[in-house]
Structures are given as C-alpha cells and as structure tokens.
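In: next one to model:
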Amino acid sequence: MRLKLIRAAGMNEAIARVRAELGTDALILATRRVADGVEITAALDPEEDAWPSAPAADAPRGEPGLAEALAWHGVPARLHPALLADPLEVALPEVLRFAALPLHAGDRPLLFAGPPGAGKTLTVARLATRLVMAGTVPVVVSADGRRAGGAEQLAAFTRLLGIDLLMAGHPVALSQIFGGRAGAAAGPCPALIDAPGCNPFDPAQLEELAAMASTADAEIVLVLPAGLHPDEAADLAAGFASLGTVLMVATRLDQARRLGGIVAATDAGGLALTEAGIGPGAADGLAAFTPELLAARLRTVADPPAGLLHGPAGALGAPLGAPLAAPPPQQPEPFAPPPFAPPAPLAMRAAAPRPVPPWPRMAAPSRGPDA
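Out: Numbers count the residues shown, from 1 in each chain. From the prediction side, this is the model:
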C-alpha cells in the first residue's frame, strides 16, 4: 500500500493534488486542519497487492429452459444441479434408479401394494395380459378382501385371458398357495398378487402387509399414481420403503401433467422405477419406465385446458420456459337495484244495482158511521 501526506491551503486544492499524484483510485484515509490549511492522508493499493477476485460461479448448465421445466414439474430443488449437469437422459440414471420387474420363471412373487385407488388391480391385469400375450401363464392372486368389487374386477380380466384367479383374503390363505415356495403355483410361473389398499402411516396396516409378503415370500412393489404433491408422494414412498420395498410402478401418467411427485417418491424411498401407466388399455396401457420416457415428460410444460384460459389456449406440449397465461383480475360488477315499479291498481268492479222491492201500500182507514 502506498501512503501520501498532502498539505494545501484548502480542501479543494488538496483533493486535486491527491488525484494528480495518486490517481482517481486513491483512498482518502484521514483529513485534519493545520495552521496553514488542511492535511490529507491518502493511500493507493497497487495492482499486485489487490485481493484476488472470487471466481465467478458457474452458470447453470443444461439445455435452455430445463431448469424452469423442472421447477414447473415440482422436482425437488436439491436434485436440479445434478439433473442440469448433463443431458437429461444421461443425468437421470445417475440421480434416480431404473429397473425391470422380475417376471421370469423362478423369480419371487410380486406383491403389488399402495394407497387405496392407486391402480394396483389394473396394473396386475395389465401385467397378466402382457405375460399371456408373450406365451407365459402367470399365477394371479387377489388378496384384496376389503374393497367391494375388487376381486370381481380382476376376475373379469382373468376370464378374458383364460386363466384362473386365486383368492387369498388372509395371510393364511396365501400360505396355502405359496407355502414355503413349495407349491406348484410358486415355482415355474410368475406370480402376481393384488394386495388391498394400505395406509403406510397406519402401523396395523403396514404390519398386515408385511405379514402377507413374508407368508408368500413375495417382493413388494409400490404402485403410486402420478400427480401427487411431491412432499406427499415422498412421505408415502418412505412409508412403504420401511418394509424393504425397492421397486415402484407409476400409474396415471396419461392423466397427470406434473411428474415431480414421481421423482420425489423414487428419490425419497430409494425405489427403482419399473413400469409406467400411459393409457387406459389393458394390453398397451403399461410401458417400461425408462430414462428416455421420463426425460421427455419432464421437458414438457403443459398449459391449462383451453376452457380454463382467458385468451388463446396453448398447446399441451408448450416449449420449455413458455409462460402460462394468467387470468385477468376479476372486477366486481356494480350493484344495480332492480327498477321500482308501483303496484298495479286493483280493478274495481261496480256492484250491480240491487232491485228495490216495491214499498207496500197501506190501505186507508175506513170511516165508521159516526165519521
């Protein structure tokens, strides 16, 4: 640091000398009055003594608009840096897990569990349809004894497929079917078990589900619908993961626009994405959940339906980062009282004259002989 003491008759003259001798970057450290004017202590930092500037933070990488798309979908913010570091198809397998369902002969039975209404029965029916079309006859078991009509819905599919539906509403019944993996149904054919809806926050229901899985020596597969709030989906996945669940089927991708709940669930529970419900059909409504499929959906930012827009409706697959149309502010309509109308006058009907009866005539009094 270079210091300089400058005296002058006035302050303006002293500052001018500081600028002339040290330049405009000089710092004035102190000023004081002296007998012949003012005294200024100034300093100058040479370039070699300057503090090195902090390196600029790396700008978010990734394709344009992807960060906004991830935020729109509700993907947890802590996953954004890793997902933006590489092309999305490459980054997703590094952040999330993907796997195929074990549906080969000799694999453990699959017990499909999840919250009520998640689509477990339809998922079992779709997988059974896929296996039959591939020439494999699966063992299909309905363990849903709670929901009215649950077994009948699955039975309708198995009748069309020409296979039997086994009923097991209790762990004891499951033990009779899969007892020790020694039953004929447990070995050479894939086995699909439709479990009743389970609330993972209810310890009693979790214990019942664990008993079913243990009795059948089955692997639990979580079935979770898309479109849930990311925090809620993460809590549900963590609850089922406490039973050792490692596989997950995501349903209703054809009905949900935001997939942040699916990403949050698989991340929170450490689950592997296996299958995705992409349509209503039994034969073609289920597809392998691949990084390419998830990347394509995460890039899609959908506008609200046309009926909800005030103005031109956007396409279902709007470009990344495209702003969504906001409805104009609603102005309250002024209150206008209804116009006053006087009541209509009552119609007066003249009364018909009543006939006056003739007045009776009185006979004149007769006069006697003395009159």
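
In: use CA for all of it now, contacts and neighbours both
Out: Noted.

In: give me the pLDDT value at the closest residue to residue 286 other than its chain neighbours.
Out: Closest residue in space to residue 286, ignoring its immediate chain neighbours: residue 277 at 4.6 Å, by Cα to Cα, 6 or more residues apart in numbering. On the pLDDT scale, residue 277 is placed at 96.

In: give the burial count for residue 277, as a bare number.
Out: Counted with other Cα atoms under 10 Å, residues neighbouring residue 277 total 25.

In: shouldn't it be in contact with residue 284?
Out: No. Residue 277 lies out of contact with residue 284 (Cα atoms under 8 Å); the separation is 9.1 Å.

In: excluding sequence neighbours, find me the nearest residue to residue 17.
Out: Nearest non-adjacent residue to residue 17 (Cα to Cα, 6+ apart): residue 6, at 7.5 Å.

In: okay, and the beta partners of the one you found?
Out: residue 40 (DSSP bridges).

In: need the pLDDT of it.
Out: Looking at residue 6, its pLDDT reads 79.

In: which ones are touching it?
Out: Residue 6 sits next to 14, 17, 18, 39, 40, 41, 42 when contact means Cα atoms under 8 Å, 6 or more residues apart in numbering.

In: want to throw these into a markdown table with distance to residue 74, neighbour count and pLDDT?
Out: What follows is the contacts of residue 6, written out as a markdown table (distance: Cα to Cα, whole Å; neighbours: other Cα atoms under 10 Å; pLDDT from 0 to 100):
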| residue | distance to residue 74 | neighbour count | pLDDT |
| --- | --- | --- | --- |
| 14 | 61 | 21 | 79 |
| 17 | 61 | 16 | 83 |
| 18 | 58 | 23 | 78 |
| 39 | 63 | 21 | 79 |
| 40 | 59 | 21 | 75 |
| 41 | 58 | 17 | 77 |
| 42 | 55 | 20 | 77 |
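
In: for residue 238, see how far away residue 202 is.
Out: 13 Å (Cα to Cα, to the nearest Å).

In: between the two, which one's more packed in?
Out: A direct count of neighbours by other Cα under 10 Å for residue 202 and residue 238 places residue 238 higher, at 21 against 10.

In: any idea how far residue 201 is from that one?
Out: In this view, residue 238 and residue 201 are 10 Å apart by Cα to Cα.

In: am I right that residue 130 is in contact with residue 281?
Out: No. Residue 130 is not in contact with residue 281 according to Cα under 8 Å; the separation is 11.5 Å.

In: which residues of the stretch 51-200 of the chain fall in helices?
Out: 66-73, 80-84, 88-95, 120-133, 150-161, 171-178 (DSSP state H, counting those that start in this stretch).

In: buried sites along the third one?
Out: Yep, that's helix 88-95 we're talking about. Neighbour counts using 16 or more other Cα atoms under 10 Å place 88, 89, 91, 92 of helix 88-95 among the buried residues.

In: closest to residue 142 among those?
Out: residue 92 (34.7 Å; Cα to Cα).

In: that closest one reaches residue 290, doesn't it?
Out: No. Look at residue 92 against residue 290 with Cα under 8 Å: they stay out of range, at 9.5 Å.

In: so what sits against both of the two?
Out: Both residue 92 and residue 290 lack any common contact, where contact means Cα under 8 Å, 6+ apart.

In: any low-confidence regions in the stretch 201-350 of the chain?
Out: By pLDDT under 70, the low-scoring segments of the stretch 201-350 of the chain are 303-350.

In: strands along that one, start to end?
Out: Applying DSSP state E, counting those that start in this stretch to the stretch 201-350 of the chain gives strands spanning 219-225, 247-251, 272-277, 286-288.

In: residue 162 is nearest to which of those strands?
Out: Nearest to residue 162, of the strands of the stretch 201-350 of the chain and by Cα to Cα, is strand 286-288 at 20.4 Å.

In: now do the buried residues in that closest one.
Out: By neighbour count with 16+ other Cα under 10 Å, strand 286-288 contains the buried residues 286, 287, 288.

In: so what's the last one bridging to?
Out: The reference is to residue 288. Beta bridges link residue 288 to residue 275 when assigned by DSSP bridges.

In: surely it touches residue 276?
Out: Yes. The criterion here is Cα under 8 Å, and residue 288 meets it with residue 276 at 6.1 Å.
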